[in-house]
Every structure is written in structure tokens, then in C-alpha cells.
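[1] the following comprises the amino acid sequence and a computationally predicted model.
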Protein chains: 2
Amino acid sequence: MVGLMSFASNNVHRSILNRNSSDKDTSFEKINNIVGFSVDSYENGAHRMNDEGGAENQILEAIKLRHEYMERSGNDFPDIVTSFIKNRFEYESQKCYKSTINDTSYNPPEPPSDHWMLNMPLPKYEKSYKLIREDGVFRIKNGLGEYVKEFEKYFLEKKKYLKDYEKIVGIVSDGPLKSFCYRRLSYLQNRFQLHLLRNEQRELHEQKTVRHRDFYNVRKVDTHVHAASSMNQKHLLRFIKRKMKLEKDTIVMEKNGKGITMGEMFKGLNIEAYDLNVDMLDVHAYKNAFHRLDKFNHKYNPIGESALKQIFISTDNHVGGKYFAEVLKEVFKDLEESKYQHIEPRLSIYGHKKNEWSKLAKWAINHDVWSTNSKFLIQIPRLYDVYRENKLLGNFDQLLDNIFTPLFEVTNDPSSDPNLFRFLLQITGIDSVDDESKHEYIQFDKFSPNPKDFVDAENPPYTYYVYYLYANLSMLNAFRKSRNLNTLSLKLHSGETGHPHHLIDSFLTAESICHGLLLRKLPVLQYLFYLTKIGISMSPLANNSLLIPYHRNPLPEFLMKGLNVSLSTDDPLQFHLTKEALMEEYSIAVQVWKLSPTDMCELALNSVKQSGFDKKIKIYWLGPHYRKEGVLGNDITKTNVPDIRVAFRYECLVDELQHIFNCNK
Amino acid sequence: MVGLMSFASNNVHRSILNRNSSDKDTSFEKINNIVGFSVDSYENGAHRMNDEGGAENQILEAIKLRHEYMERSGNDFPDIVTSFIKNRFEYESQKCYKSTINDTSYNPPEPPSDHWMLNMPLPKYEKSYKLIREDGVFRIKNGLGEYVKEFEKYFLEKKKYLKDYEKIVGIVSDGPLKSFCYRRLSYLQNRFQLHLLRNEQRELHEQKTVRHRDFYNVRKVDTHVHAASSMNQKHLLRFIKRKMKLEKDTIVMEKNGKGITMGEMFKGLNIEAYDLNVDMLDVHAYKNAFHRLDKFNHKYNPIGESALKQIFISTDNHVGGKYFAEVLKEVFKDLEESKYQHIEPRLSIYGHKKNEWSKLAKWAINHDVWSTNSKFLIQIPRLYDVYRENKLLGNFDQLLDNIFTPLFEVTNDPSSDPNLFRFLLQITGIDSVDDESKHEYIQFDKFSPNPKDFVDAENPPYTYYVYYLYANLSMLNAFRKSRNLNTLSLKLHSGETGHPHHLIDSFLTAESICHGLLLRKLPVLQYLFYLTKIGISMSPLANNSLLIPYHRNPLPEFLMKGLNVSLSTDDPLQFHLTKEALMEEYSIAVQVWKLSPTDMCELALNSVKQSGFDKKIKIYWLGPHYRKEGVLGNDITKTNVPDIRVAFRYECLVDELQHIFNCNK
């Protein structure tokens, strides 16, 4: 039996690997034959049930819109879909890259000796622009006060956004289209099951034959985790205890102009270092947090004291964020020791003060909070109403001013804030976070006030936030690109709970999203997410505590259908028990959903692709052609994902895209 | 709110802790008032539905039988049930022990400097007995050839065992009794839910107020794990790779009289150290092992090669079990570093050779395989048929001879095998293992042949094995006790799969069991297990891979009802992904079943109580009165289990026992 399998599998290998023929049809048929479906599988069956007509047109329109939005913001869009849009998809482009793999890709890129580039001179730009915020969105003018053409095409008008949003609302709510997409998705799921029944043993066999590589030493990125809760509860507890002992005379806060030491503060709370335990720390979410995101947010306060949060897990406090930097660096050190586990932690910019960015950059650089295993994102909580109530802000425009002005200014003139300039080079994206289930009292429509006139005490809706984030970020990215600087991705918390239509915003604007649970209620969007391969970073343990029992989480279903999902921890402080939060997350998923080693490695591969790590790092981790779709982009010796799985995914996607696009020729 | 709770809870504390009044009824009522039920809760409701009559009598009979069997084998039986049987249960016996806690109990017992007692002279006994195996069971005679009276009362006749077994079969299958027990169990479960609704917040509050102690630093014992699979797959992989590199010239096996080195062996398998990966190792149980215990047992062979199992995870091989000792000691070291995690690994005695015990003892002592965090058990696989087929044995009696003769002989005369004598002092019990689902072709009844006449090629049934294990062990324990030596517990793999009646054997003979999944099909036995507090060591992750999906595992239900369950890993090599297998097991249970910190600590407490660690160690871990039932035996500063939970469990148990015993007065 083993002999037979091995023979079959060798054939598979050979037929995939030796394929660099010019005969495009034959080569594609070969892939199909391998995984056991014919090219016209789309036609046979599901398609004929589509009596609705025009479904494909609507899908196409939505895909093109997303493409336009991603082009504008400079965020990632899959090459294969672009090639369909530009009508230049052909199998020939699938030439064999395997043979061209450069052995140097096996050498790790040198870790930068000066990762903050402190010894590099700041760039000096000849051109300096006038930056003006008009109706909440930055515009770039030249010395004469004229809009700079080069950047104007990246500007998105509010009116257009509302129109596009409404268009997608219409598409998402279209009854016949819902049925169409639901059937396509069911078809994809069944097709995957068929694939497993035929090829599961071959997949395992392919994995066994790869030298050295296994699930433990493929790269994994924790694509969604908040820096303030990236350590587990026991870690934070030990850290606090240690600090209570060693730094009891350090002044950690001020009250009525008088400095209060660590010792005095804990005395005030009537706590000694020895006493403290995990139960008292009370940061873990147990069943009483279920459907209580409001309560959950309080879990960030150790012992229910916001003072402790302020001292230990905040970047801006009396000790200059020293403790937070230390504990984060401990988290990084553990990851570096694990070697293959990486992290994308989120740091907060609230937008209620102008100097937040500057302070954060200073904190990161002064404490050297950096690791080869980590890439920071910035999260912006949607808390305008809170700041407004506390009179920190007068209108919504001030929030945008606080968030974006420093970014544009430092891009315009690096010397205006060298720290921030250097810090931004290490940031990969921006996230927007908050409890999505809060009721939205206001709608975003053409009557909505401009940010300057938005003085309401209520919070503006999700869409309003997203539009202004996206519009500003598009301009910023265009500006940064013109100066050869890194650009930022827009990654959004979306579809965790609340109104499912938040997912429409993220479909248009976000490079990838966190959660996306509510996609299960919107088949059209789910299908669109599939077709455009939008990254979905899911955290089933967090969901299990807050929203949906583990065994009902849609992740395994999404994975079967071929959506681009990855596993992430969200908040190890609140949800995880062991020292290795990400491995714990994988372990539970594997056990409860009975995932195979191939599924595990596919999830890990997705996480790396979704992450914001540099291209040359990704080449080292995944192989030089990792951006290519299908087997030709897959290097199993690095990913441990069998070619047969990758070929199957590729084939399904091409089938779906081909049908959508062919109907519109 | 917090203030109020704290006040309420302080009252609870005071009323429990200050209770040392002589007024027994008042004090008991107080406990009841705390947890919110009246003393006569049994009478109100469920009891009246019991129209069957005689149910209590049957339950009583079964309890008394178990008591008799535990007395005979010298295994543990709960004091509280004994006091009911002896009709001397009274609340007065619940006097407050809290005040008498001796502070010295907080000092850890000194770790023995000479744990194998190599420097201690062997004891010399004046009396030497004649040991004779009659019909498979050891009997002890004096110099005159007469049975020694002192020991004769511990002898269990086959006829009596069959009679008792049949009695329990009758009780377990009695229809009305099934309904009665099912109702009692449902009542217990509902009562627990009521308790939680009333007192969950108080429980959490009690835990928060305990200095220092939390789930991470309460003691936990992995009560069921096989030594050969106690490391995880990555650990074993790394170990093998290291050995391949460092010891490639070591001769590891013999073939045709010629020594074969490690390097040659791996060359034969066509494997280099670098190549080896976890997928190739193939010891992990994925979904294809579901309901395939046969397949699962092959997973013990790394790379499917029994040679590797023989070399790396066996005690008796060409290198004298050196590698197995080394890897086990690495497991122990990790546990010692964790400090609070302990383990009861099982080592195998097969019974197909006479010198197995001697070799095993030599292996353990020579390699010093010992740790403060570990206590060994011996597992005896039920593989007579395999040895018979391979002509290693001629009849079943030879198996018993190989297993028990060395034990009796060394107890009779320590100098006959000093190593074994010393090794046995460190062993806490005997387990019987194998795939329970194998069909039993033979039944154990009065016509069954005696072991000497059992020459059949088929395996004898579970019951047959258990009777001979138990009968011999009872004699051995009586013998050892008379010489002031440690006795052995009988712990059985039971009720994992196969015929549920295996649980009847273990109800009669076993101190505690592993698995017990099938209790959910036998309400009468389940109720009896509850009443007699039989330890059930459950491994839901192992079950999930082999027998029952995680979310359908009966553990949370058993825990609610108050059965004495603990969590264990069974085979980290096959089931666990992270470095901390036991914590992974807890983590998944907590997340999937939404256990509270109190539940977690109760499970940990159960595991310590079930374990075979020395009494003085348990006193250090749990407090000096840990054997007392109820709050008086609970030291929350060590167990982190709130008094209110312990009081509730005590109250429920007393209610049930009182009813059973009162009906029979």
C-alpha cells in the first residue's frame, strides 16, 4: 500500500515539477488530473442551476471596485485577479519557477544592525508641499497653492465612497445573488471534501517526504494581537511581582503634584508582592464575559485598577512606558527563542492629543522595542464620544488632525520629528478597533456633517470612521510612495459582532481584516472575500469567550471553502493559559476541528502571506516566488504545504474566476 | 457591588471557620445555609418519586461489597463512607481542624538524599514463608506447610469473585434501580447548577482573597500517562536527531550476531538526521485514528519502525534502555522546572519473561530514573494471546508466574534481588492496559479453566485478568503490609470502550480507573462511583482522537455531578502539540467547556488526591487534614478551592449517603 501511494505521489510530483511546457492547456489539464477534477467542473452542475442571470456581472462589478480601492490605497490585491481584470490571464504565466529557485534564498537575510536607522542621515527632499486638511481629508498642494496632480488621483471623495458603499449594499442584499453565492460556496466546500477523500493520504505522504520541515518549523505569524495583552496572565503577574520587589522606590505616578512610589501605590491597594495571584489579577475572560464586550474591555485593568494598566501596560506614563517596554521585550525574547513564531502586535494611537505619535515613537526607539520576530501595527480605537465627553476634543476633525497631521508632516519633512520618521519605517499598518456591537445612533450619508461640524456627543458610525481613515491613508501612502518610503496597510477589526455591514466597509477599503465572523451571514460578501483572497485573521478562542462557542466557529468551514484565513490569538492575557499562546491556539483548533497537518501548515502559510513582514523576509520564509499562485509559487521545503493542496486551491479559484469573467466577455 | 460581595463572603468565611461548636445540628445547618439548601433537600422532591422500593438496599449492598474488596486489597476507601457503613457518622466528627493547622506543614519535606535507599541496609526478616501459587493465586504457608492465618483472610476465592460480580451485574441491570440512579444523578447535576447560579461570584471572590495561590501554583498530577509516550512528538524528534548526530557509532542492536551501529541503522532506513521531521516520525494521532485503537497502537513506532521504538523508548534493549532513561529524565526535568506539575508514568511489565522485573529495577536504579515530580506505576498489557502465539508462554499460569513470583519472593527475602526490592518501594500501583474493544471470545465463569489449564490461543476476558491481578495483589499487599512495606494500588484502564461491564470489575477491585467514558451508559455504576468517590482519570484529548468528539466527552457532566474526576494526558506523544502537555489539556478543557477557575482547581485537587504520592507530600501540598471530607479538610491557601465549593460537595454527598443508609436502619 505504501509502495503504491509512494509511486502515485512521485508521479504527482514529477508531473507538477516538470511542467514548463509551452502547451498551456495540457499543463493545466495535468494539474486537474492530479487532483481529480476536469477543467469544466464549473460547467458541470452548479452552473446550470444559475437561472438568475446577471449574478456574475454584479460580482464582477464588486471585484473591480475593490481592485480600484486597493490601487488607490496602495494596499495588496492578488495578481491573479488583476490579470483576470486586465484580461491577460493565461496558463503560460504559470511557467515553472521551481527550477529557478536561487539557493541564496536559503540564506537568512542579515538582521539589520541598526534597525531604527539611527546612524543613517535623514533624507532631505527638495520638494516641500503644503498640506491642507479639507473636510477632514488631507490634500497636497504645491508652493503655488495648487493641488498636485500626481496625488490628486488618490483622493477619494466622500460622495463617491457613499455611492460605492451603496452599490455594494445593493449587491450584498440581492436575493438571487445570495442564492448564487451560497451555492458557489457550498460547491467549494463539497469540492474540498471530495479532494480530501481522494488525496488526503497523498498530502500526508508529500509532507513526510520533505526533509527536515514539519509544522513546528514552518513560519507562523500571530496576525492579530494587541501589544497590551500579548503576554499571558501568569507572565504579567510575575512581571508585576518582580517590579514590586525590585522597584518599590520608583516613583510611578503623581497625585496632587506629589510623586507616589510603586511601594506606596501597592500599599494604597493593600497588596503585597507575595499576595498577588492570577485570580486577583482578574484579567482572564471566563464565561461571565460571554456577550459582554463592555465587561471584557475592563479586563485590561489588572486587579480592576486602571492605575495598574496605566503603569504596566501603557506607553505614556510617569515612567515613560518603561515597564511596558520591558514586558514586551520579554514577549519578543520568547518568540525569538521559538524562532518560528512571529507576531504583529498593535500599539494604540488614540487621537486625543497631537503629540501621541511623537511620544510613541520616542518610547519605541528609546527603549529599543524591536525584534526580528515582530512587526508593529497601530490601532486606533473609535472613541471620539469618550474624548468629546471629557472635553479632550471639540469636534471629529480634531481627532483626524491628531492622528494624521503628524504623519503627513513628518513625511513632508523628516527633520520635523526624526524619531517619528524612523519609527514609521517600522510600522506596517493601521487597524481600527472597538466594540462593534455598540449601537450606532447616527448614519453616514450625504447629510452627515463634515468632521469640523461634527460636534455631536454621539460617536460617528463605523463607516464614517473608515471613510476618513481610508481617504487619509490613501493620500498618505501616495505621498510616501512618491518619496520611496514604506506604505501602510489598512487592516480593520470587522465583522466580529454588531452590524454585518461593517464588512462592506472593509471589503472596499481594508487589505485584510480581523475576525470576520459575520461573513457567515452574508454569502455574497463571503464569496467576494474568497475571490479576492482578502486575509481574515480569526481568533476562535477569543470568540469562544466572547461571542460564539468554539465548535460553532466558522473557521473550519471558511478553511474548507478556501477563504484566506489565519489563526491569531487576539489577547493572550485574557484567553490563553500556557506559555505559548499561538501554539495553544493551533493546538485547540487541531484537536476540536480535527485538522490535518496539511490544514495546519496551510493556516500557517496564510498567516505569513497576510502579515506585513518585509518581502525579502517572506522570500526567505516561503521561497522566491511566493507571490505566484498555484504550485509554481509553492516551495514545500519551506511551507510544508503539499503541492497537491496548493494545486487544488489554485484550480478552484481559477474555475470560479474564469466563470465570472467569461460570462462578461 | 464588590463591597457587598466581600461582606457576604466574609460572613461565609467566618461562619465556616469559627464553627467548632459542640452543637452539631446547628453547625451543619450553617453549612447548608451558606450554600443555600436545606438539610432535608433529599426528602423534598426527588425522593418521593422513588416508588421502586429496595433501590437503596441494592445500592447499599454494592457499597458494602466495594468496601470489603478495598479492605482486602488494602486500597483506599473514603473514610466518610466507612463511617456510614460502621454506623458512626456524626457531624461532631466535623470539628474544626482549621485552628490546629501546624505551621510546619508549610515546610516542604526534605527531598530524600538517597531515594533508592542504596545506603540503607536491606531489612532482614526472621520469618520466611513458603510461597505457593495455587490455581494462579499466591498463598502463603509457614514452615510446616500450613496456610498462615494472618494472610488467609485476604485470599479471594474465584467462586466468591464470580458470585459478587454477578451480584453487581444484577444490580447494574435492574430497571427500576437504573431509573432511581439516573434521577439521583440528574438531581445532583441540577443542584450543582443551582449552586453555581447562587454562589459562583462568591467562589471567585474567595479565590481572589487567597494570598499568592492561583491555578498556576496549585499542585496538579498527570494521573494517567504512559512513560513511553510522555514526551511530545517534537521532543522525541529532537532527542532522536541529537542521538543520531552524537552517537552514530554506538551499537544499538544486533542482527545475525553482528552489532549494528546507530549510523548503520539509520542508513538502512535511508534517513539522515537533518531529514527527519515530525510528519515522518508519524507518531501523532490525527483524525484517521478515530475508532482505530488497533492503528493507534502502531503509532508508538516512530517512522512506523518497531526498531526505533525498541531503541529509543524501551527499557530492555541493546543499550540497556539508556536512551529511554535519558529522554524520560528530560521530561522529569521540565516538570521539576514547572514545580507544580507532577506525573504518574506507567512502565510496562509484559509477563512473558521471568527476569523482566529484575531488569526493569536495574534499569531504573542504574540510570537513576527518579524525580520528586514523578511516581511510577506498572502497567501490564493483556497480551497473553500474542505471547502464546509466539510460543513465549504455554499457559496463562506462566504469565502470572512471571508477573507475581518475583514480587512475592523479593518481599519474602529482600536479598534475593536487592534492586527489585528498592525499586518496588518507589512503585505506587499496578495498571492493566489494552484495547478494550477487542472482542472477548471467552467468558469468565465457573467452567473457565484454571490458569494452568488455560492453554487456549484466545485471550482470556478482561474479568479473568482482573480477578487474578486483584487476588494476587491482595495477598501481596497483605504480605508487604505485615513487613511494613509500601502496598500497591490497583488502577485499571476501564470503560474506555468495549464492553461496559469492565467497569463492574473495576468497581469491585480498582482503587481508581483511567477513562471511565462508558459510565455514561451505566447510571447505576455512575451513581456508585459517585458515592464511593472512585477516582476517574479522564483524558478527553485522547478520547477526542480515538473515540468521542471533544464537546461530547462526559467529563464536564461528571464534574458537575460531583464525581471524583481528574484530567490526564494519556499520551502526549500522540495527542499534544505544545511543550506543556498537562497545561494544554487543562487549557482546552477550560476553553471548550468554559470551566471556571474553581472548577480547574477542583480538578487539580482531585488529581492530587487520586495520585500515589506519599502522605507527607500530600500534607505539604494540601494541608494536614486533607483526608477529611468537607471544609474542615480543605486548606484554600494550598488548594485554591473555595470552602463554599467544598462545603457544597460535602453536603451533597452526605445527603445522598444519609438517605441510602437511613433507609436501611
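    Structure received. Because the structure is a prediction, the values reported are computed rather than measured.
[2] quick check: mean pLDDT of the helix or strand harbouring A:Y467?
    If you go by DSSP states H and E, A:Y467 is part of helix A:462-482. pLDDT averaged over helix A:462-482 equals 97, rounded to a whole number.
[3] likewise stretch A:569-587?
    What stretch A:569-587 shows for mean pLDDT is 94.
[4] go on, stretch A:68-76?
    On average, the pLDDT along stretch A:68-76 is 97.
[5] how about it as PDB, C-alpha atoms only?
    Coordinates of the C-alpha atoms in stretch A:68-76 are reproduced here as PDB (Å, rounded to 0.1, in the frame of the first residue of the first chain):
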ATOM      1  CA  GLU A  68      -9.800  50.200  -7.600                       C
ATOM      2  CA  TYR A  69      -9.800  50.800  -3.900                       C
ATOM      3  CA  MET A  70      -6.700  48.800  -3.300                       C
ATOM      4  CA  GLU A  71      -4.900  50.500  -6.200                       C
ATOM      5  CA  ARG A  72      -5.800  53.800  -4.700                       C
ATOM      6  CA  SER A  73      -4.500  53.000  -1.200                       C
ATOM      7  CA  GLY A  74      -1.600  51.000  -2.500                       C
ATOM      8  CA  ASN A  75      -2.700  48.000  -0.500                       C
ATOM      9  CA  ASP A  76      -2.300  44.500  -1.700                       C
END
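[6] pull out the buried positions in that stretch.
    Residues A:Y69, A:M70, A:R72, A:S73, A:G74, A:N75, A:D76 are the ones in stretch A:68-76 that count as buried (16 or more other CB atoms under 10 Å in any protein chain shown). For every residue, glycine as well, the C-beta is placed using N, CA and C.
[7] wait, which of the residues you listed is closest to B:C514?
    Compare each of the buried residues of stretch A:68-76 with B:C514 using CB to CB and the shortest gap goes to A:D76, at 51.4 Å.
[8] the helix ranked longest in chain A - contacts with which helices or strands?
    In chain A, taking DSSP state H as the definition, the longest helix is helix A:175-208. Counting contacts by 3 or more CB pairs under 8 Å, 6 or more residues apart in numbering or on different chains; DSSP states H and E, the secondary-structure elements packed against helix A:175-208 are helix A:2-17, helix A:24-35, helix A:55-73, helix A:523-531, helix A:555-561, helix A:597-610, helix A:643-662, helix B:278-281.
[9] to A:M265, which of those helices lies closest?
    Comparison of the helices and strands packed on helix A:175-208 against A:M265 by CB to CB identifies helix A:597-610 as nearest, at 39.5 Å.
[10] briefly note if the closest one comes near chain B.
    Yes. Under the criterion of CB under 8 Å from any CB of the partner chain, chain B is reached by helix A:597-610 at A:P597.
[11] helix or strand right after that helix?
    Scanning the chain past helix A:597-610 towards its C-terminal end, the next helix or strand to appear is helix A:615-622 (assignment: DSSP H and E).
[12] which residues are in contact with that following helix?
    By CB atoms under 8 Å, 6 or more residues apart in numbering or on different chains, the residues outside helix A:615-622 that reach it are A:105-109, A:219, A:605, A:608-609, A:613, A:626, A:635, A:638-639.
[13] ok, then the element right after it?
    Next along the chain after helix A:615-622, with elements defined by DSSP H and E, is helix A:636-639.
[14] packing partners for that next one?
    Using 3+ CB pairs under 8 Å, 6+ apart as the contact definition, the elements that helix A:636-639 packs against are helix A:597-610, helix A:615-622.
[15] okay, these in CSV with mean neighbour count next?
    Compiled in CSV, the helices and strands packed on helix A:636-639 are given as follows (neighbours: other CB atoms under 10 Å in any protein chain shown):
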stretch, mean neighbour count
helix A:597-610, 24
helix A:615-622, 18
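[16] mean pLDDT lowest where, among these?
    Ranked on mean pLDDT, the bottom entry among the helices and strands packed on helix A:636-639 is helix A:615-622, at a mean of 93.
[17] including distance to B:L424, could the contacts of helix A:615-622 go into a markdown table?
    Formatted as a markdown table, the entries for the contacts of helix A:615-622 read as follows, by distance: CB to CB, whole Å:
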| residue | distance to B:L424 |
| --- | --- |
| A:S105 | 59 |
| A:Y106 | 55 |
| A:N107 | 57 |
| A:P108 | 53 |
| A:P109 | 59 |
| A:R219 | 50 |
| A:L605 | 52 |
| A:V608 | 54 |
| A:K609 | 58 |
| A:F613 | 57 |
| A:Y626 | 59 |
| A:D635 | 56 |
| A:K638 | 52 |
| A:T639 | 52 |
